[in-house]
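>>> Below is the sequence, then the predicted model.
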Amino acid sequence: MKKISQRLLALVIAVLAGIFTFFAGTGKAQSTLYAAGTDTYVYDYGDILSDMAEGVLQSKSEELAAAYGVGVYIFTIDDYTDYEPLGVSIYEWSKSVYRELDLGIGDGKDGMLLTLSMEDRDYSLIVYGDKAQTAFSDRGQEELEKVFLDDFGQNEWKSGFTDYQTLSETLLQMAKDGKPFVSGILPGQEKETLARSAVYGGGGGILAALLSVFGMKSKMKNTGLQRQADRYVSAENVQLVIQEERYTHTTETRRPIKSSGTSRDSSGFSGKSGKF
């Protein structure tokens, strides 16, 4: 009976030691992050997504990977500074996460990683691999920032990540079609641009018309004054010179926007970072 009690006590101690080790390894003192699997695209360590939202985002990234051979990743964390020495930027830390989790598709490890650190509302967007760099140019990354930052600013996490994936698909398809986005207008923005031009153009037309009317009135007043002045000036002593200037056209010079595609750093990554 005594031997059984001793064995039971040893078992309890072993279990408690295992539990302590587990929680010690998953607390804020943790220095290493582990991938959930090679096919994982959503890492919600910050616990800001519901299980359903995480599943939907994961499925969409799986579709993108299968269709284009580029990983579109999402990573959230409570505070990235708990895992790195003070002073390391979230951009540099995200690069280490990309390597540590062995992210990217194919031999080129093509992929893009959007990271959110919730404590100080830091974010980074990094791109790696030739195929990914072609699709997600510097200009494309700027457009991606626009679509997710407005949502994140309102704490709309699911909407922001969905917009991120949706625009990523558009950029990937453009690259696949041999027309990667490096400047100009994205598909779907034409109507918005036309509407804005119509508003500005219409406003400009109205302003021009008003100025023309005021100009005509001014000329009419000056003509009236001139007719009155003619009564007091001798025609022999005055020589009138009439000079007309007619508007014909405006010459507009356009310079093409030059783009170098994507600016990579020495480690092969490109990207952006900031606050949300």
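Nice, thanks for sending it over. This is a predicted model, so every value here is computed, not measured. Residues are numbered from 1 along each chain as shown.
>>> So Leu116: helix, strand or coil?
Assigned by DSSP: H, G, I helix; E, B strand; the rest coil, the conformation of Leu116 is strand.
>>> And the one 4 residues further on, by the same measure?
Going by three-state DSSP, the secondary structure assigned to Asp120 is coil.
>>> what's the answer for the one 5 residues further on, then?
Three-state secondary structure (criterion: three-state DSSP) places Leu125 in strand.
>>> Quick check: beta-bridge partners of it?
Per DSSP bridges, the residues bridged to Leu125 are Leu114, Lys272.
>>> Enumerate every residue touching it.
By CB atoms under 8 Å, 6 or more residues apart in numbering, the contact list for Leu125 reads 112-115, 141, 144-145, 271-273. Any C-beta I mention is one placed from the backbone N, CA and C, and that applies to glycine too.
>>> Share the number of residues neighbouring the closest residue to Gly188 other than its chain neighbours, please.
Leaving aside its sequence neighbours, Gly188 sits nearest to Thr170 (CB to CB, 6 or more residues apart in numbering; 7.6 Å). Using other CB atoms under 10 Å, Thr170 has 16 neighbouring residues.
>>> I'd guessed Gln165 sits against Ser61; true?
Yes - at 6.6 Å, Gln165 counts as touching Ser61 under the criterion of CB atoms under 8 Å.
>>> okay, and the common contacts of these two?
Shared contacts of Gln165 and Ser61, defined by CB under 8 Å, 6+ apart, are found at Val72.
>>> which SS state does the residue nearest to Gly188 fall under?
Using three-state DSSP, the structure places Thr170 in helix.
>>> For stretch 174-186, list every residue counted as buried.
Going by neighbour count (16 or more other CB atoms under 10 Å), the buried part of stretch 174-186 is 174-176, 180-182, 186.
>>> picking up where we left off before, hmm, Lys179 and the residue nearest to Gly188 touching each other?
No - contact criterion CB under 8 Å: Thr170 and Lys179 do not qualify, at 11.5 Å.
>>> Point out where this protein drops to low pLDDT.
Filtered on pLDDT under 70, the chain yields the residue ranges 1-37, 190-260.
>>> Many thanks, I have nothing further to ask.
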